[in-house]
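J.: The amino acid sequence is not available; the structure is as follows:
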């Protein structure tokens, strides 16, 4: 079974909901980055959220970036998503090992620490939309719940989870986002609050065999749920030799000339998938000549 997102509305469009199963994309991230369990959980939660938030965007070329910067040992996390739900990301320190928290769970909040969450939406306008909040807990779901209320003025509930096997592979992963639309009635709000107050952790629901449709039905089924669309999602890196070459050019002409004069080829790695790209002296010389810089050093 592939990862996918379900979108639905309920209560005569007063509520919209998204639910996702993301086991395979989180496992792919773990393989790419060789992450420890707590780093897998942290990166996996943010990737899961980004995938759902990505499909909230409308334009085919829209790009969402979620960036966490904390003072904990994990350092930070960066993920991006397109409007089709495909994501990629990395964690600054992938090998962090921490003891379980007081609930016996992976201590994502402790790994991230205090810091900020930034949400950047590039929708083809002159300037990207950018919002930033201080982290509430570092557990990510609570932080995104606060972000939606504070920066986008959308009352929301976000739940995210990654459950690991004893072999440190991903057993299940997923989450949901429930949002209230403007002018939602007090009766609907009260009913939703009652339902959310008694729910199990999202990983428990997934581990018991519930699919995204089941989760949304459980949450919103009493309010006239209307399923809208099912979207396949996954981990997808679009790096290429040409993209890495552009990044290499950005280091500057003097630095490139210095590399050539010292006779040292370089190897660059993609931050999102760790694919390696090699640039020999001949290629570096061609790049520098192409961009009009080599004659300045000779």
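T.: Structure received. In this text the structure is predicted, and so the values were computed from the model without any measurement. Numbering: from 1, shown residues only.
J.: mind listing the strands for the chain?
T.: If DSSP state E is used as the criterion, the strands of the chain fall at 4-10, 15-21, 63-70, 76-82, 86-91, 115-122, 129-134, 156-164, 170-180, 226-232, 234-235, 266-269, 276-279.
J.: Name whatever forms a beta bridge with the nearest residue to residue 189 once chain neighbours are set aside.
T.: Nearest residue to residue 189, sequence neighbours excluded (Cβ to Cβ, 6 or more residues apart in numbering): residue 180, at 6.6 Å. Every residue, glycine included, has its C-beta placed from N, CA and C. Beta bridges link residue 180 to residue 15 when assigned by DSSP bridges.
J.: Touching, residue 180 and residue 152? I think so.
T.: No: in this structure, residue 180 is not within contact of residue 152 by Cβ atoms under 8 Å, at 11.9 Å.
J.: And those two? Which one has more around it.
T.: Neighbour count, other Cβ atoms under 10 Å: between residue 180 and residue 152, residue 180 has more, with 19 against 13.
J.: Distance of that one relative to residue 97?
T.: Here residue 180 is placed at a distance of 39 Å from residue 97 (Cβ to Cβ, to the nearest Å).
J.: cool, and residue 187?
T.: 48 Å.
J.: try residue 248
T.: Using Cβ to Cβ, residue 248 is found at 34 Å from residue 97.
J.: which of those two has more neighbours?
T.: Remark: of residue 248 and residue 97, residue 248 carries more neighbours, 18 against 10, as counted by other Cβ under 10 Å.
J.: Start and end of stretch 93-111, how far apart?
T.: In stretch 93-111, first residue to last residue: 10 Å (Cα to Cα, to the nearest Å).
J.: List the buried residues in that stretch.
T.: Buried residues in stretch 93-111, counted by 16 or more other Cβ atoms under 10 Å: 94, 96, 98, 105-111.
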